[in-house]
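> this one's sequence-less:
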């Protein structure tokens, strides 16, 4: 993440955003909600930009030398675990569509799925923490405060998106 | 190593490396005990994080199964619909 925060090659970000774009294209076709595909992608990009600027402005309060590009790169790379989880979910929805049953294979699959999801969540949290740490150069305690503040804003916003029938689980 | 090659080595390799390392101040969580725990956890996660993440996830999933029981299956059904 230290090296990623010093990157200036935007082609890498375009590749990640291309995968996000193709995920929504495929997912909306599978869900038979192809009309909403542009809206899903645009809302995701707005969420990403909001996240980047949120942490950037908070970091600027402590150092005028903070620049925006490290946040864009590090938080862009932190989308990789999210992409993996959503793509895996998409593939599993096609191969093993829900609902899961209470049989032994169903329970075993459920436990393995939970292990997979929690691992990716840990990975995501580590990447987000490291991304903010190397972009903002703030201490760990301050980063934890900012993440808690971010969740206080983002969780109600995610619930609003759920009520609007846009996202069941937010793509962050 | 001659003096000039040592200078070149320092300028081209060592100095940027030191700048990279000392660019960030060391983390301080406000209390010495918290800082110690943080440094201990981070030292293990820095090398190969998945060696620790996978077993921890396994333990968390097992604990979740003990707490929720068969509701874990319903939770997974909900998550699978979440994409």
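Perfect, thanks for sending it. Since this is a predicted model, take the numbers as computed values, not measurements. Numbers count the residues shown, from 1 in each chain, chains lettered A, B, ... in the order given.
> C-alpha only now, for contacts and for neighbours.
OK.
> so which bits of chain B are right by chain A?
Taking Cα under 8 Å from any Cα of the partner chain as the test, the list of chain B residues beside chain A reads B:24-30, B:53-54, B:57-58, B:60-62, B:65, B:70, B:72-74, B:76-77, B:80-83.
> please enumerate the strands of chain B.
Read by DSSP state E, chain B holds no strands at all.
> in it, which residue is most central in space?
Chain B has residue B:45 as the residue nearest its centroid, 3.6 Å off, counting by Cα atoms, centre = their mean.
> hey, where'd the helices end up in chain B?
B:3-9, B:15-22, B:32-47, B:49-68, B:71-81 (DSSP state H).
> same list, those, but as TSV with distance to residue A:9 and mean pLDDT please.
TSV is the format used below for those (distance: least, Cα to Cα, whole Å; pLDDT from 0 to 100):
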stretch	distance to residue A:9	mean pLDDT
helix B:3-9	27	76
helix B:15-22	19	77
helix B:32-47	25	85
helix B:49-68	26	91
helix B:71-81	35	89
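> check which helix or strand residue A:51 maps to.
helix A:37-60 (DSSP states H and E).
> next helix or strand past that helix?
Heading towards the C-terminus - elements assigned by DSSP H and E - helix A:37-60 is followed by helix A:69-77.
> now that following helix: mean pLDDT?
The average pLDDT within helix A:69-77 is 93.
> report the angle between it and helix A:37-60.
140 degrees (axes from the mean of the first three to the mean of the last three Cα atoms, to 10 degrees).
> after helix A:69-77, next one along is what?
Next in sequence after helix A:69-77, counting helices and strands by DSSP H and E, comes helix A:79-95.
> okay, now residue A:18: neighbour count?
11 (other Cα atoms under 10 Å in any protein chain shown).
> same for whichever strand or helix holds it, what does it pack against?
Per DSSP H and E: residue A:18 is located in helix A:11-30. Judged by 3 or more Cα pairs under 8 Å, 6 or more residues apart in numbering or on different chains; DSSP states H and E, helix A:11-30 is in contact with helix A:37-60, helix A:69-77, helix A:79-95.
> that concludes my questions; thank you for your assistance.
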